[in-house]
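Visitor: no FASTA, just this:
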């Protein structure tokens with residue numbers, strides 16, 4: 001492969017990584033904000049089943065924690081990706097750069113896993129709500 005093709009592929013991979021991390025931050029952050037809006041709307045209702053609300057709030061707080069962890073992990077993935085690029089471009093520490101790349105991918109995977117866990121908690125809370133009302 002020519003140096004030009006390699007450079008273009010490297011640029012495309014970098015853009016893909018950036019977009020993936022942005023997506024992880026967006027889905028986790030958006031889910032956290034939507035959940036807070038839902039809880040706020042739920043609190044504002046006049047005819048509220050307090051027992052169902054307590055159970056639901058306990059489960060939704062776990063979901064909120066999971067989405068928040070997803071945002072933190074996505075940020076760590078972004079930071080690790082930056083360190084990886086810095087090691088590749090400004091040093092000859094290519095083995096450390098590769099290790100940092102795998103760490104960034106791990107953080108991204110954990111961020112997606114945190115999102116899935118948060119969705120699971122939300123599902124459980126909504127099932128309980130639907131049974132109580």
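Guide: Done, it's in. All values reported here derive from a predicted model rather than from experimental measurement.

Visitor: From the contact counts, what lies against whatever helix or strand residue 71 lives in?
Guide: Assigned by DSSP states H and E, residue 71 belongs to helix 50-90. Under the contact definition 3 or more Cβ pairs under 8 Å, 6 or more residues apart in numbering; DSSP states H and E, helix 50-90 sits against helix 3-43, helix 94-132. C-beta here means a position set from N, CA and C on the backbone, and glycine is covered the same way.

Visitor: winner for burial among those?
Guide: helix 94-132 (a mean of 16; mean count of other Cβ atoms under 10 Å).

Visitor: Residue 49 and residue 131: what is the separation?
Guide: Note on residue 49: its distance to residue 131, by Cβ to Cβ, to the nearest Å, is 11 Å.

Visitor: For the closest residue to residue 25 other than its chain neighbours, give me its contacts.
Guide: Nearest in space to residue 25, with sequence neighbours left out and distances taken as Cβ to Cβ, 6 or more residues apart in numbering, is residue 74 at 4.4 Å. Counting by Cβ atoms under 8 Å, 6 or more residues apart in numbering, residue 74 touches 21, 24-25, 28, 107-108, 111.

Visitor: Quick one: classify residue 48 as helix, strand or coil.
Guide: Three-state call for residue 48 (DSSP: H, G, I helix; E, B strand; the rest coil): coil.

Visitor: ok, it touching residue 54?
Guide: No. Residue 48 is beyond contact range of residue 54, at 10.3 Å (criterion: Cβ atoms under 8 Å).

Visitor: Just want to know which of these two has more residues nearby.
Guide: A count of neighbours by other Cβ atoms under 10 Å puts residue 48 above the other of residue 48 and residue 54, at 12 against 9.

Visitor: Tell me the confidence at residue 120?
Guide: If you check residue 120, the pLDDT there is 96.

Visitor: no, scratch that, I was asking about residue 132
Guide: Value listed for residue 132 in the pLDDT field: 69.

Visitor: wouldn't residue 27 be in contact with residue 114 here?
Guide: No. Residue 27 lies out of contact with residue 114 (Cβ under 8 Å); the separation is 10.1 Å.

Visitor: Touching both of those two, which residues are there?
Guide: Jointly contacting residue 27 and residue 114 under the rule Cβ under 8 Å, 6+ apart are residue 70.
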